[in-house]
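Engineer: Need a 3D model of the following:
(chains A and B, ligands or ions: 2)
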Amino acid sequence: MNVVVLLKQVPDTETKIRISGDGKSIDTSDIKWIMNPYDEYAVEAALRLQGSAGAKVTILSMGPERVVESIRTALAMGADQGVLVDDPGTEGSDALGKAQVLAAALRSLEFDLVFCGHRAVDDDENQVGIMVAELLGIPHLGLAVSVEIEDGKVKIQRPIEGARVTLEGVLPALVTFGGAHAVWNPRYASLPGIMKAKKKPLETKTIADLGLAPEDVGVQAAKVKVTAMELPAERQAGRKLEGETADKAKELVRLLHEEAKVI
Amino acid sequence: MQPGHFPANILFVLIFLAANGFFLFTVYKLYRIMRLGEPEDRFDRTWERLKGVATFVLGQRRVVNEPAGWGHFFIFWGFVIITIGSIETFGVGIYHGFAYWKFLGKGVTSVLYLLQDLLCFAVVVALFVALYRRFVIKPDRLLYDDQRAANLDASVIIGLILFLVLLLLGARAVEYLLGQNEATRYFPKWAFISVALADLFKGLSEEALHGWYSFFWWSHTLIILVFLVYIPFSKHLHILGAIPNVFFRRFSSIGELAKMDLEDESAETFGVSKIEEFTWKQLLDLYACTECGRCSENCPATLTGKPLSPKLTIHHLREHLQKKGKALLAQHGREEAEALNPEGELGRALVGEICQHDELWSCTTCGNCMEHCPVFIEHIHKYVDMRRYLVLMESSFPAEVQNVMRNWETNSNPWGLGFASRGDWAKGLPVKTLAEDSQVEYLFYVGCAGSFDERAKKISGAMVKLLNEAGVSFAILGAEEKCCGETARRLGNEYLFQTMAAELVETINSYGVQKIVTTCPHGYNCLKNEYPQFGVSWEVYHHSEFLAKLQRDGRLQTKLAMDKHLVFHDSCYLGRYNSIYDQPRTLLRSISGLRFSEMDRSRNKSFCCGAGGGRMWMEETLGDRKINEARTEQALALEPDIIGVSCPFCTTMFEDGIKDRNMEEEVKVYDIAELLAQTINSEKK
Ligand code: SF4
Ligand code: SF4
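Structural biologist: Ligands and ions are numbered 1, 2, ... in the order given. Below is the predicted model of the structure:
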């Protein structure tokens, strides 16, 4: 069985985000990049299938050279090989453009299952996984917190308000992953894992290799564009009200009403 | 069978050779088992090593640190003198006319007899005290999981020595009556105890006396030989293990960890998961253990009911080593041996069975065990070696630790706060970064706690105030600073540690500063004692020694008084790891009005706050109480207004302990830098 995990590299959630001069993107200098946490759950799920069903796990990602580090992290965790689509032509692409690139890359690979996080923690679009399934014409099973393979079918569980629903799909299929760190407990790479990862195959492709052109998937093709970005207002220091209790209460109501505008 | 006459002498020689042969054979086997271990170089500094043997074996320097140790002192010296006497006894066994006085002269021999008599007496007293302790007082530290076996072993030994000594005195008494030994004949007053005992045998016929003499001589001699044969199988193996173990002791700071070769492509495994993967010295440790229990009596984990007792760890490792070692030697190759005996000792996992995971993770690396072990056993290194295996090979550690490791990887601090905000604590303070001015004399290495922990930031602020007050030329790294990796190393993640160390070395070296001062004892110990493994030779100071020096030089004067009662807590990594005990005390004593108290467990007996060895980042769910609670209680018993500390992690642990008892209003925890900063009353900030 072949499992391909779609992996996105995102800024660490503790990163101090700065908006760059154009007002539409973030300044990427001084950012610590990590593997999107939901994709990490997908890697963990794939590695469990590797352990239980002998699945071969391929990591597929797109982005610049720096993404190699995150792919190597997944390889150190135990994935077998990696593919990176590194092409300036994909710059500025929207979710659909990215999905097209990934779908094209997937067509060049063998797969029974495609795993990915249900969303990336940087732009929170919740789209790419679903679109890839659509483009490939395969079933999509969303927000899995457990995954099993039985008689050539994939079975997942997804939490819904106060309950859990079990879904089943035929292979090949795409599963997106939800849950939390405590649900998946992604493994920590061992030292031999890290050493082996350095020697595992990692192929870099351009979009031309996939039969695509920048006009198909790049900024020109984007149907959704970011027009502006802004940071939330800086947190103000707390204020302590002084005086008699009754006065303080009055003042508090006034502030909540006039300044904070919450009541 | 009169000793020394034919055929008794032939019989004696045969028995003697058999016992010695058996003894040597057993010892040789133990030696071969020890040599199954990995190599380690402990052959430098021969002269200092010999001096160590003189101090710690002959002088019993560490043994007598405790009252019970004096008993051992006398038994040890009694043993030495009796052994010297035994040579004469054995000589007599071969030829009845053999006597020391013929070689040594009557004078020396008489002195020897006097010593023998005195020590025999002392040994008898000491043995009864030992029996009383073991069976009546029963101190916790003599507890074992198989108490009956331990007591039996001890009783056998005590019994053997007791009889050995009494029989020796008996033989000497009869010898005196028979007048067959010139030394006793001419100088009876020397061997006064034996001579006094001779009264018991007065009036017996010469024949009867000869009978008694044979009886005493034979039983005394046979007991010595039985003892010889029994030693290697009992806890008295330490008689053989302790001397070389003291000789081969480590000179570096207590818990200094060795640098692992992580580049080695041929290495199949990292850390220790099999007993024979320890170095030979680590195995020699196991032979040297006297089972005295001092390690556990000082261990904060043992004392708070954690599943860790360093004494038992050593005991279990020794049993495992002896059994597994024998099996390994019996077969031709390791694999064959394992295949042949999967159920036996060879099939038992070192990590998980002999040593439990919880046991390994309970250690705070405080060093109290090593500090008090009379024979210099190195416990910490064993725990860390096994942790290294768990982390590097199995990725197995308490769940909380994984997050912390990731935080180090992404943000170079255990809290996982954004690395770019590392220097934010200094905003608005009069402090430069090296990037702004690299021509300064000192780098103030703030560390993770001092940079990110709200409470510890205040200590950093106080330090800045003091350094400025004293006119020290210094700067910080600010956002460029990195974690030193100390805790990751102690948690067994040598890979992460080496990655972090390489980064920090590069950053600091890029500015060319050579002198570093820091407020964190963990960073201090690591930069000072372990970073030289990465080719640097910085001068590193902990703020307690640095401030004490500034004060000595008259650059820092305390002006304001403080009418408070303070208890000072020694940080393990300052005290036991680096012998810094006096400097913080000198600083605190310079504050007028400050009354100063010491806890029972202070200085090198200081009880860990519970944060070391990565424990800071683990839940403390095992045991009957938390270590920080226990330590806080010890401090509060003295009813202080202030608990003085010299480490940001100790600060946290004590504040938590005080909060749990709702005493935040009454008792405050301050770092020495904060106390000093409060009393210098400077205009400068
Ligand atoms: S280092 Fe401290 S906690 Fe660890 S075993 Fe020794 S005494 Fe106990
Ligand atoms: S390890 Fe040292 S302190 Fe502990 S029981 Fe053995 S000899 Fe005593």
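
Engineer: what's the distance between the closest residue to residue B:198 other than its chain neighbours and ligand 2?
Structural biologist: Nearest non-adjacent residue to residue B:198, counting by C-beta to C-beta, 6 or more residues apart in numbering or on different chains: residue B:173, 4.2 Å away. To be clear about C-beta, it is placed using only N, CA and C from the backbone, and glycine gets the same treatment. According to C-beta to the nearest ligand atom, to the nearest Å, residue B:173 and ligand 2 sit 37 Å apart.

Engineer: now residue B:173, what's its secondary structure?
Structural biologist: At residue B:173 the chain is in helix, as set by DSSP: H, G, I helix; E, B strand; the rest coil.

Engineer: burial count for it?
Structural biologist: 26 (other C-beta atoms under 10 Å in any protein chain shown).

Engineer: Next to chain A, which bits of chain B? Give me the list.
Structural biologist: B:262, B:265, B:270, B:392-395, B:397, B:399, B:402-403, B:405-406, B:410-411, B:416-421, B:495 (C-beta under 8 Å from any C-beta of the partner chain).

Engineer: dump the residue contacts of the residue nearest to residue B:198.
Structural biologist: B:194, B:195, B:197, B:198, B:200, B:201 (C-beta atoms under 8 Å, 6 or more residues apart in numbering or on different chains).

Engineer: Low-confidence ranges, the stretch 51-200 of chain B, go.
Structural biologist: For the stretch 51-200 of chain B, the stretches with pLDDT under 70 are B:180-188.

Engineer: Spell out the residue ranges of the strands in it.
Structural biologist: Assigned by DSSP state E, counting those that start in this stretch, the stretch 51-200 of chain B shows no strands.

Engineer: So is stretch A:21-37 next to chain B?
Structural biologist: Yes: under the criterion of C-beta under 8 Å from any C-beta, chain B is reached by stretch A:21-37 at A:30, A:32, A:34.

Engineer: I'd like those laid out as a markdown table, including distance to residue A:254, secondary structure and neighbour count.
Structural biologist: Listed next are the residues of stretch A:21-37 next to chain B as a markdown table, based on distance: C-beta to C-beta, whole Å; DSSP: H, G, I helix; E, B strand; the rest coil; neighbours: other C-beta atoms under 10 Å in any protein chain shown:
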| residue | distance to residue A:254 | secondary structure | neighbour count |
| --- | --- | --- | --- |
| A:30 | 42 | coil | 13 |
| A:32 | 43 | coil | 16 |
| A:34 | 44 | strand | 23 |
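
Engineer: I'd like the average pLDDT over the helix or strand containing residue B:382.
Structural biologist: Element membership for residue B:382, per DSSP states H and E: helix B:379-388. The pLDDT scores in helix B:379-388 average 97.

Engineer: Give me the buried subset of the residues of chain B next to chain A.
Structural biologist: For the residues of chain B next to chain A, a burial check counting by 16 or more other C-beta atoms under 10 Å in any protein chain shown picks out B:262, B:270, B:392-393, B:395, B:397, B:402, B:405-406, B:410-411, B:416-421, B:495.

Engineer: my guess is residue A:211 meets residue A:104, correct?
Structural biologist: Yes: between residue A:211 and residue A:104 there is a contact at 6.5 Å, judged by C-beta atoms under 8 Å.

Engineer: Mind checking which of those two has more residues around it?
Structural biologist: residue A:104 (20 against 10).

Engineer: which stretch of helix or strand covers the more buried one?
Structural biologist: helix A:95-107.

Engineer: Okay, buried residues for that helix please.
Structural biologist: Buried residues in helix A:95-107 (16+ other C-beta under 10 Å): A:95, A:96, A:97, A:98, A:99, A:100, A:101, A:102, A:103, A:104, A:105, A:106.
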